[in-house]
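Peer 1: Generate a structure from the sequence data that follows.
(chains A, B, C and D)
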There are 2 protein chains.
Amino acid sequence: MRTFWEKGFAGTSMSDLVASTGMAKPGLYANFGDKEDIYKKALEHYSDKMASPLTNELLAFDGPLETALRRYLFEIAHSVIGNAHPKGCFIINSGFDCAEAGPGLKELSKSLNAARREALKTVLDRAQDRGELSKKADTNVLADFYSAQPAALASQAQAGAREEELRAMVEVALSALPGISKNGA
Amino acid sequence: MRTFWEKGFAGTSMSDLVASTGMAKPGLYANFGDKEDIYKKALEHYSDKMASPLTNELLAFDGPLETALRRYLFEIAHSVIGNAHPKGCFIINSGFDCAEAGPGLKELSKSLNAARREALKTVLDRAQDRGELSKKADTNVLADFYSAQPAALASQAQAGAREEELRAMVEVALSALPGISKNGA
DNA sequence: ATAATTAAATACCGATCGGTATTTTAATAA
DNA sequence: TTATTAAAATACCGATCGGTATTTAATTAT
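Peer 2: Residues are numbered from 1 along each chain as shown, chains lettered A, B, ... in the order given. Modelled structure (predicted):
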């Protein structure tokens, strides 16, 4: 998972996987399939271990919408900095790096990105039902916007941004929420 | 340029470049250097032909800040959809796909991303000097935020978003500008 | 202890990788 | 027209690519 995460699909060789897993090549093929199969399983593992816990926490959080979004995006900001693992987000990377990969891979990448969007859409709709968010707000558009912010954060992280800079960007993004006061307005 | 743009550094072989340029391999080496040199020159060419015209237009635009940013981000939204060329933005791609490339390449990628940020910072500072943007607004943070939105747009484009969806996201991002009224507030 | 089965490691496959030496072609000079 | 130079294409280099056949080692069953 980590090797594909940091080096991408084309940038990772089977020998790299042998080195990082300690398993010999025939073992990798016997247990996981070919290179693309391994990539998919690594990406799914990332989704289960890294992404899903965050979206589950977002969905389970009981509190103001703005707080929920801040917590979620702050956690992502922390994660993409990569103190304990490669920088960036494997799921977002997969969207860029599988632009010309097999259709099955692109499909998986899209579905994992869509899952993040759906979680945000759910949270936004709930807030709207609670009356916390105006009925006039378009939750589809807001879901698109907020689900795309992790890509913005990951991009800045790759360029060397620090976590506090990412958090400041999150605050700007949150100020786009209808009914939120803005810094400096 | 187009080949590296759509397939990335590791995903592009010298044979791919021979096929897409029509120049034989020794000619490529004699005229442009090795693979990394060619990538750098392709990326610089992209910057000159695709990115710089947009930032120059942004800097030259004489009108309200919000209009300037909308025009700029709409043009990027149109570009990353890729009707006439590969999807996404080569400069943003380079930030992801050169995570482990030579240091010279990463440096170039960072400087091109920084150029976009600087242009936005200039425009924001000008608006602040004109009194159009509150003195309390932090133009460094806003520059970070808006210069990262193209990555958000490119990511959505890779996932198959349509141009109108990207424009709607841009409108949300613009609503984070201090002093701009929000949809649905 | 021996035979049968499973697992894992070595060795190897053709193809392609990035990169060049060499030859052929084309253009210029005499 | 011939000699010289510049350019471009063919052929080739060792290394590595993704992927397997084969052999060795470790279990299990008898």
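Peer 1: so after the longest helix along chain A, what's the next helix or strand?
Peer 2: Longest helix in chain A, counting residues (DSSP state H): helix A:103-129. Next helix or strand after helix A:103-129 toward the C-terminus (DSSP states H and E): helix A:139-158.
Peer 1: chain center to that following helix: distance?
Peer 2: Its chain's average C-alpha position is 9 Å from that of helix A:139-158, according to CA atoms, centre = their mean, to the nearest Å.
Peer 1: The following helix or strand past that helix near chain B anywhere?
Peer 2: For helix A:139-158, the following helix or strand on the C-terminal side (DSSP H and E) is helix A:163-174. Yes. Judged by CB under 8 Å from any CB of the partner chain, helix A:163-174 comes into contact with chain B at A:165, A:168, A:169, A:171, A:172, A:173. (C-beta placed from N, C-alpha, C; glycine too.)
Peer 1: Tabulate the CA atom coordinates of helix A:163-174 in PDB.
Peer 2: C-alpha atoms of helix A:163-174 as PDB (Å, rounded to 0.1, in the frame of the first residue of the first chain):
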ATOM      1  CA  GLU A 163      -0.200  21.800   8.400                       C
ATOM      2  CA  GLU A 164      -1.100  25.200   9.800                       C
ATOM      3  CA  GLU A 165      -1.300  26.600   6.300                       C
ATOM      4  CA  LEU A 166      -3.600  23.800   5.300                       C
ATOM      5  CA  ARG A 167      -5.800  24.500   8.300                       C
ATOM      6  CA  ALA A 168      -6.000  28.100   7.300                       C
ATOM      7  CA  MET A 169      -7.100  27.100   3.900                       C
ATOM      8  CA  VAL A 170      -9.800  24.900   5.500                       C
ATOM      9  CA  GLU A 171     -11.100  27.900   7.400                       C
ATOM     10  CA  VAL A 172     -11.400  29.800   4.200                       C
ATOM     11  CA  ALA A 173     -13.300  26.900   2.600                       C
ATOM     12  CA  LEU A 174     -15.600  26.800   5.700                       C
END
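Peer 1: List the neighbours of that helix that are in contact with it.
Peer 2: Residues from elsewhere that reach helix A:163-174, judged by CB atoms under 8 Å, 6 or more residues apart in numbering or on different chains: A:66, A:69-70, A:73-74, A:77-78, A:80-81, A:145-146, A:149, A:152-153, A:156-157, A:180, A:183, B:138, B:141-142, B:144-145, B:148, B:173, B:176.
Peer 1: Report the buried residues of that helix.
Peer 2: Within helix A:163-174, the residues that count as buried by 16 or more other CB atoms under 10 Å in any protein chain shown are A:163, A:165, A:166, A:167, A:168, A:169, A:170, A:171, A:172, A:173, A:174.
Peer 1: Ok, stretch A:53-73 next?
Peer 2: For stretch A:53-73, the buried set under the neighbour-count rule, 16+ other CB under 10 Å, comprises A:54, A:55, A:58, A:65, A:66, A:68, A:69, A:70, A:72, A:73.
Peer 1: returning to what we had before: take the residues of helix A:163-174 next to chain B and write them to TSV, including pLDDT.
Peer 2: Converted to TSV, the residues of helix A:163-174 next to chain B look like this (pLDDT from 0 to 100):
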residue	pLDDT
A:165	98
A:168	98
A:169	98
A:171	98
A:172	98
A:173	98
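Peer 1: which two in the residues you listed are spaced the farthest apart?
Peer 2: A:165 and A:173 (13.0 Å; CB to CB).
Peer 1: Could you tell me how far residue A:129 is located from residue A:119?
Peer 2: Distance of residue A:129 to residue A:119, computed by CB to CB, to the nearest Å: 16 Å.
Peer 1: let me redo that: residue A:40
Peer 2: Residue A:40 is 21 Å from residue A:119, where distance means CB to CB.
Peer 1: Would you mind confirming that residue A:97 makes contact with residue B:8?
Peer 2: Yes. Between residue A:97 and residue B:8 there is a contact at 6.6 Å, judged by CB atoms under 8 Å.
Peer 1: Identify the contacts common to the two.
Peer 2: Common neighbours of residue A:97 and residue B:8 (criterion: CB under 8 Å, 6+ apart): A:8, A:10, B:97.
Peer 1: Any residues of chain A in contact with DNA strand D? List them.
Peer 2: A:12, A:13, A:14, A:15, A:16, A:25, A:26, A:29, A:34, A:35, A:36 (CB under 7 Å from any atom of the strand).
Peer 1: Verify the stated contact: residue A:152 with residue B:154.
Peer 2: No. If you go by CB under 8 Å, residue A:152 and residue B:154 don't touch, sitting 9.7 Å apart.
Peer 1: Report the mean confidence score over stretch A:91-103.
Peer 2: Here stretch A:91-103 scores 87 as its mean pLDDT.
Peer 1: hey, C-alpha coordinates of that stretch in PDB?
Peer 2: This file holds the C-alpha atoms of stretch A:91-103, laid out as PDB (Å, rounded to 0.1, in the frame of the first residue of the first chain):
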ATOM      1  CA  ILE A  91      -7.300   7.800  -3.300                       C
ATOM      2  CA  ILE A  92      -6.700  11.300  -4.800                       C
ATOM      3  CA  ASN A  93      -3.400  10.200  -6.300                       C
ATOM      4  CA  SER A  94      -5.200   7.300  -7.900                       C
ATOM      5  CA  GLY A  95      -7.500   9.700  -9.800                       C
ATOM      6  CA  PHE A  96      -4.500  11.400 -11.400                       C
ATOM      7  CA  ASP A  97      -2.200   8.400 -11.800                       C
ATOM      8  CA  CYS A  98      -4.800   6.000 -13.300                       C
ATOM      9  CA  ALA A  99      -5.800   8.400 -16.100                       C
ATOM     10  CA  GLU A 100      -4.900   5.900 -18.700                       C
ATOM     11  CA  ALA A 101      -5.000   2.700 -16.600                       C
ATOM     12  CA  GLY A 102      -7.400  -0.200 -17.000                       C
ATOM     13  CA  PRO A 103     -11.100   0.700 -16.800                       C
END
